[in-house]
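[1] need coordinates for the below:
(one chain, ligands or ions: 1)
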Amino acid sequence: MRTEPRRTGHCQLAVASALLPGLVFVACHPSLETSPHCQRRGLVARSVTVDTGFEGAAVEVMRIAGNLVQLCLLPDGGGRHPKPKTETGPSSGGRHPGQWFYFRASELTKGELYQFQLDVSGARAWRSYKGYEVCTSYTGHHWCRCLGTLYDSGARILLWNVTAEASSCFFAYFEPYGLGQLESLLREAADAGAERRTMGRTTDGRSIDALCFPPGLLQTGREPAGEPTVVWITCRQHAAETQASFFAEGVVQSVLSEPLPLSLAIVLVPNMNPDGSARGHTRENAQGVDLNREWRPKADYSQNGRSPEVSAVQAAMLDTGVDVHLDVHGDEAADSAYSYPGLPRFRAPDHVAQLFDELEEELHSRSGGFYMPRPGSGSARTAAFWTGTQFGALSLTLEMPYKDSEPTKACSKSCRRLGSIAVDAIRSLGPRLGRFRRSRTRP
Ligand SMILES: *[C@@H]1O[C@H](CO)[C@@H](O)[C@H](O)[C@H]1NC(C)=O
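    Here you go, the predicted structure:
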């Protein structure tokens with residue numbers, strides 16, 4: 001347990017005081033609820049309310065008693081989405097346990113202490129809340145950590161206290177990244193000359209968009225002379241891993257601030273799971289499917305429509321070919337960013353394994369410890385496995401932490417910075433990456 005708060009003054013938020021309601025609050029504070037003064041005037045003390053009626057929100061209220069708010073996690077879909085259309089795929093589909101939470105507490109009295117208790121026993125990785133601190137914001141724009149967040153591992157409850165600085169306050173597992181922010185990013189990049197392509201549509205009818213630097217790559221599908229190394233960066237197959245959206249912003253910043261050499265092209269998918277993002281899911285799309293388990297070689301899910309997101313991206317990848325693939329995620333338990341190769345080392349060609357090591361070293365040395373190499377490999381149903389197998393690509397799954405404990409410093413800024421660093425690292429390896437490219441023909 002911490003005895004001293006770290007980074008005091010980290011969260012000096014400018015907050016407009018809630019003036020008029022404040023007067024009522026002062027007069028009728030909960031502890032004065034029964035005072036003759038309040039009763040005489042017909043004023044009833046307000047109690048805290050918890051709102052989840054907005055994009056990406058997810059939590060269930062158990063009990064609110066005075067200044068104590070007791071909550072629990074919702075499973076993905078909250079039990080409300082329909083079962084997947086078919087059960088023939090390798091992923092069982094259905095409700096995955098949640099880990100993501102995002103809500104607003106309102107009707108707070110400035111200066112009052114509020115206690116929050118979140119039951120995380122339903123989480124898919126409840127152990128990983130150890131050493132984790134809740135993200136909070138009064139504005140919805142600037143986020144900081146609730147210093148002194150405790151985790152009771154026996155009861156599996158996350159506990160934090162807040163002295164209210166405004167009448168409402170947001171809390172989330174990590175800094176949220178909404179579809180409005182996604183739209184701004186896509187528009188900003190397109191205005192600056194990138195090509196914005198809609199590769200397909202989700203179950204809820206949202207577009208699955210990619211940014212191509214330089215433009216024209218997805219349009220033509222041709223094989224021009226001096227064909228560039230094609231780098232795919234896919235973000236946020238898992239809705240709650242908003243780190244990946246900030247990473248995407250870093251990629252865009254880097255490419256717009258320094259044009260890519262002619263030998264390099266990047267296709268960026270900033271959000272592969274907009275339905276899950278809007279619904280406040282941890283992993284699933286609208287049909288209850290974990291997208292990063294839908295890439296098994298030879299399987300064709302385009303027929304049954306379980307995961308139109310994966311089908312759309314696969315089709316576009318087959319058009320352009322893939323030389324390098326970064327699939328970007330967040331890891332609940334991690335203390336730092338890391339990645340693992342799409343293909344296990346014994347299956348990857350030597351030159352791919354060698355380039356993976358070099359890319360790791362670049363990420364590690366450029367990120368000042370935010371990225372730490374560590375051994376590991378992923379499932380055969382993941383995107384990086386598929387691109388590794390299908391194209392012989394240098395493919396990897398890149399993970400970023402939720403925790404802000406030393407030395408991690410996981411926040412939107414560090415994730416954005418890692419996105420820029422990844423592009424720099426790819427630039428520096430550039431000429432060597434194209435060496436192992438395979439011909440681009442549909443199988
Ligand atoms: C919150 O405040 C209460 C009352 O002061 C205290 O008993 C409790 O330990 C605090 N919890 C945390 C997580 O700091």
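[2] C-alpha only now, for contacts and for neighbours.
    Fine.
[3] what's the mean pLDDT across whichever strand or helix holds residue 312?
    If you go by DSSP states H and E, residue 312 is part of helix 308-320. On average, the pLDDT along helix 308-320 is 93.
[4] could you list the residues in contact with the helix or strand just after it?
    Next along the chain after helix 308-320, taking DSSP H and E as the criterion, comes strand 324-331. Applying Cα atoms under 8 Å, 6 or more residues apart in numbering, the contact partners of strand 324-331 are 229-238, 241-244, 247, 383-384, 387, 393-402, 433.
[5] ok, for the residue in the stretch 101-250 of the chain positioned nearest to the ligand, nearest residue in space, not its chain neighbours?
    Of all residues in the stretch 101-250 of the chain, residue 160 sits closest to the ligand, at 4.2 Å by Cα to the nearest ligand atom. Spatial nearest neighbour of residue 160, excluding adjacent residues (Cα to Cα, 6 or more residues apart in numbering): residue 149 at 4.6 Å.
[6] from residue 107, how far off is the one you found?
    22 Å (Cα to Cα, to the nearest Å).
[7] more crowded one of the two?
    Counted by other Cα atoms under 10 Å, residue 149 and residue 107 do not tie: residue 149 has more neighbours, with 21 against 18.
[8] report the contact partners of the nearest residue to residue 132 once chain neighbours are set aside.
    Of all residues not flanking residue 132 in the chain, residue 403 sits nearest, at 5.0 Å (Cα to Cα, 6+ apart). Shown in contact with residue 403 (Cα under 8 Å, 6+ apart): 131-133, 332-335, 409-410.
[9] could you confirm the residue of the stretch 101-250 of the chain closest to the ligand falls within a strand?
    Yes - using DSSP: H, G, I helix; E, B strand; the rest coil, the assignment for residue 160 is a strand.
[10] pretty sure it sits against residue 145.
    No - distance between residue 160 and residue 145: 10.4 Å, which falls outside the contact criterion (Cα atoms under 8 Å).
[11] what sits in contact with each of those two?
    In terms of Cα under 8 Å, 6+ apart, residue 160 and residue 145 are both contacted by the residues residue 134.
[12] name the residue in the two with the higher neighbour count.
    residue 145 (22 against 18).
[13] contacting residues for residue 174?
    The neighbours of residue 174, taking Cα under 8 Å, 6+ apart as the test, are 134-135, 242-243, 402, 411.
[14] near the ligand, list only the ones from these.
    When contact is defined as Cα under 6 Å from any ligand atom, the contacts of residue 174 do not meet the ligand at all.
[15] distance to residue 354 added to those, as JSON lines?
    Output for those, formatted as JSON lines (distance: Cα to Cα, whole Å):
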{"residue": "134", "distance to residue 354": "39"}
{"residue": "135", "distance to residue 354": "38"}
{"residue": "242", "distance to residue 354": "30"}
{"residue": "243", "distance to residue 354": "27"}
{"residue": "402", "distance to residue 354": "29"}
{"residue": "411", "distance to residue 354": "31"}
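[16] now, those that are in strands?
    Among these, the members falling in strands (DSSP state E) are residue 135.
[17] let's have the contacts of residue 174 in CSV, adding neighbour count and pLDDT.
    Below are the contacts of residue 174 laid out as CSV (neighbours: other Cα atoms under 10 Å; pLDDT from 0 to 100):
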residue, neighbour count, pLDDT
134, 24, 97
135, 23, 97
242, 28, 98
243, 30, 98
402, 30, 96
411, 22, 94
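[18] mind checking how far the biggest helix by length in the chain is from the chain centre?
    Ranked by residue count, the top helix of the chain under DSSP state H comes out as helix 412-433. How far helix 412-433 lies from its chain's middle: 18 Å, per Cα atoms, centre = their mean, to the nearest Å.
[19] quick one, that helix and strand 324-331 angle?
    Using axes from the mean of the first three to the mean of the last three Cα atoms, to 10 degrees, the direction of helix 412-433 lies 160 degrees away from that of strand 324-331.
[20] just checking, what packs against helix 412-433?
    For helix 412-433, the elements it packs on are helix 243-257, helix 350-366, judged by 3 or more Cα pairs under 8 Å, 6 or more residues apart in numbering; DSSP states H and E.
[21] could I get the buried residue list for the shortest one?
    Of the residues in helix 243-257, those buried under the neighbour-count criterion (16 or more other Cα atoms under 10 Å) are 243-256.
[22] closest one of the residues you listed to residue 379?
    Ranked by distance to residue 379 (Cα to Cα), the buried residues of helix 243-257 are led by residue 244 at 19.4 Å.
[23] pLDDT below threshold where in the stretch 151-300 of the chain?
    Where the stretch 151-300 of the chain drops to pLDDT under 70, the residues are 217-226, 298-300.
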